[in-house]
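Peer 1: sequence-free structure coming up:
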């Protein structure tokens, strides 16, 4: 029994659309601990914190700068962050001369970096500000609707060595859904200070921006099939 084109068209198009145009329901995240490996993933925008001013500049937050077409915002519940340079105003485990962004003296402060538009990933080195010796911390990622997406832990040892051994933390998502990140250091070892705080510094931020995806072959085929049947339908309508 021959199946007419009119009857076959809907299931054919539905199958093509399902195969070629579907999107994943949940994002997958990957954490990296090496800048070279992270940067090799693809084009990135390097955000040098010098765009917020020279060493010693106190940044009244929220504040933002446009770098490489991205809006990079910085925030703090204290209302201030500060620019530091390794080897000048800060001694830790970054490379000498690194331009750093850090808290402005608060042990209980939040430390937030925002992205506009949302991005697929970013990476930076992190060091504690006031803890000397071993430390642990985390970077929690959020969507534009304030949903917690992923938490990346990190650990390091502040030795004053200025030897570029501050831990690198890079995170990627398979969706461009990272709107902002909150950085914290674990201080639960001392009952006299808040258990978690933004008392830390970060150096250059490498950001993987969203890319406009190229249509898959199946998606192109599905579009062509839909256009073909739509053309035939309207042609028949015009002839009747």
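Peer 2: Thanks, I have the structure now. None of the values given here were measured: they were computed from a predicted structure. Numbering: from 1, shown residues only.

Peer 1: so where is this protein shaky, pLDDT-wise?
Peer 2: Applying pLDDT under 70 to the chain flags residues 1-25, 211-240.

Peer 1: domain parsing for it?
Peer 2: Per automatic domain parsing, the structural domains of the chain span 1-23+214-240, 33-209.

Peer 1: Geometric centre of the protein: which residue is closest?
Peer 2: In the chain, the centroid-proximal residue (Cα atoms, centre = their mean) is residue 121; its distance is 3.5 Å.

Peer 1: does it really touch residue 39, like I thought?
Peer 2: No. Using Cβ atoms under 8 Å, residue 121 is not in contact with residue 39, being 10.7 Å away. (C-beta placed from N, C-alpha, C; glycine too.)

Peer 1: which one of the domains of the chain is the most hemmed in?
Peer 2: Among the domains of the chain, the stretch with the highest mean neighbour count (mean count of other Cβ atoms under 10 Å) is domain 33-209, at a mean of 18.

Peer 1: can you give me the helices for this structure?
Peer 2: Here the chain has its helices, by DSSP state H, at 5-20, 35-39, 217-239.

Peer 1: Run through who's touching the second one.
Peer 2: Meaning helix 35-39. By Cβ atoms under 8 Å, 6 or more residues apart in numbering, the surrounding residues in contact with helix 35-39 are 32, 121, 123, 125, 168, 170, 172, 206.

Peer 1: so what's the first one closest to, chain neighbours aside?
Peer 2: Think residue 32. The shortest distance from residue 32 to any non-neighbouring residue, by Cβ to Cβ, 6 or more residues apart in numbering, is to residue 170 (3.6 Å).

Peer 1: show me what contacts the one you found?
Peer 2: For residue 170, the contact set (Cβ under 8 Å, 6+ apart) comprises 31-35, 37-38, 121-124, 206.

Peer 1: That one bridge partners, please.
Peer 2: Beta-bridge pairing of residue 170 under DSSP bridges involves residue 32, residue 123.

Peer 1: if I look at it, how far off is residue 208?
Peer 2: 9 Å (Cβ to Cβ, to the nearest Å).
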